[in-house]
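Peer 1: Pasting a predicted model and its sequence here:
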Amino acid sequence: MNKDGLRKLLSLFKLEKVKRGTQLLKAGTEEKKLRFLNKGVIREYYATSDKEVNINFYTEPQFITDLTSFNADSKTKKYQEALRDVELLAIDKSSFRKLLNEYDCGKSFIDLSFQRLLRNKELFEYNRITKSPEVLYNELFIYRPNWLDKIPQYHIASYLNITPETLSRIRKRIS
């Protein structure tokens with residue numbers, strides 16, 4: 001991307017402040033914005049009528065957009081909720097696409113983002129199938145220590161696909 005395109009892209013992002021507990025994304029809706037978490041904590045999850053399962057947490061500056069929905073103009077299957085007050089930078093889809101067409105520069109961004117998304121999704125599925133909840137919990141200390149500081153334990157338990165009581169027993173065993 002040239003400097004002019006980058007400057008224009010940055011000028012299109014709008015600051016959005018979101019209160020704790022706000023739903024940022026709901027299943028059955030279409031992702032209409034490219035959203036970047038600037039500050040705060042967001043949980044991402046799937047939900048049925050009787051259960052919610054956390055699949056990711058965003059605690060550091062990064063893109064939080066459901067790229068599948070955003071890119072394919074399809075409805076998302078995910079939910080996102082602000083666990084703390086959140087500050088986002090967002091650009092609406094039509095403005096982003098117009099910029100892509102104008103500068104022909106965003107295809108590599110989208111491609112790289114999808115590659116990263118697929119790598120993370122495959123690793124997540126592999127870990128959930130091949131590792132015990134205790135091993136996964138121990139890996140949070142190594143790879144996601146900020147999750148353990150910023151996210152309530154019952155959400156961590158859901159991410160590990162165990163009950164809060166089981167997580168409590170694991171924590172007691174390893175302490």
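Peer 2: Looks like it arrived, so ask away.

Peer 1: Residue 91 falls within a strand, correct?
Peer 2: Yes. Remark: residue 91 belongs to a strand, assigned using DSSP: H, G, I helix; E, B strand; the rest coil.

Peer 1: Which secondary structure element of this protein has the lowest mean pLDDT?
Peer 2: helix 106-130 (a mean of 81; mean pLDDT, DSSP states H and E).

Peer 1: ok, and what's touching it?
Peer 2: By Cβ atoms under 8 Å, 6 or more residues apart in numbering, the surrounding residues in contact with helix 106-130 are 1, 55-56, 63, 67-68, 71, 96, 99-100, 136, 139, 161. Yep, even glycine has a C-beta here, placed from its N, CA and C like the rest.

Peer 1: Now do the same contact list for the residue sitting nearest the centre point of the chain.
Peer 2: Centrality entry for the chain: nearest residue to the mean C-alpha point is residue 64, 4.4 Å, by Cα atoms, centre = their mean. Residues near residue 64 by Cβ under 8 Å, 6+ apart: 24, 35-37, 42, 44, 58, 80, 88.

Peer 1: 7 Å - rerun?
Peer 2: By Cβ atoms under 7 Å, 6 or more residues apart in numbering, residue 64 lies in contact with 35, 37, 42, 58, 80.

Peer 1: For residue 166, see how far away the second one is.
Peer 2: Read it as residue 37. Counting by Cβ to Cβ, to the nearest Å, the gap from residue 37 to residue 166 is 29 Å.

Peer 1: mind listing what residue 18 touches?
Peer 2: Residue 18 makes contact with 24, 82, 86, 88, according to Cβ under 7 Å, 6+ apart.

Peer 1: Counting neighbours, what do you get for residue 7?
Peer 2: Residue 7 has 10 neighbouring residues, counting by other Cβ atoms under 10 Å.

Peer 1: got a winner among the contacts of residue 64 for most neighbours?
Peer 2: Within the contacts of residue 64, residue 35 tops the neighbour count with 25 neighbours, counted by other Cβ under 10 Å.

Peer 1: Now do the phi/psi pair for that residue.
Peer 2: phi -120, psi 140 (degrees, to the nearest 10).

Peer 1: That one and residue 6, how far apart?
Peer 2: For residue 35 relative to residue 6 (Cβ to Cβ), the value is 18 Å.
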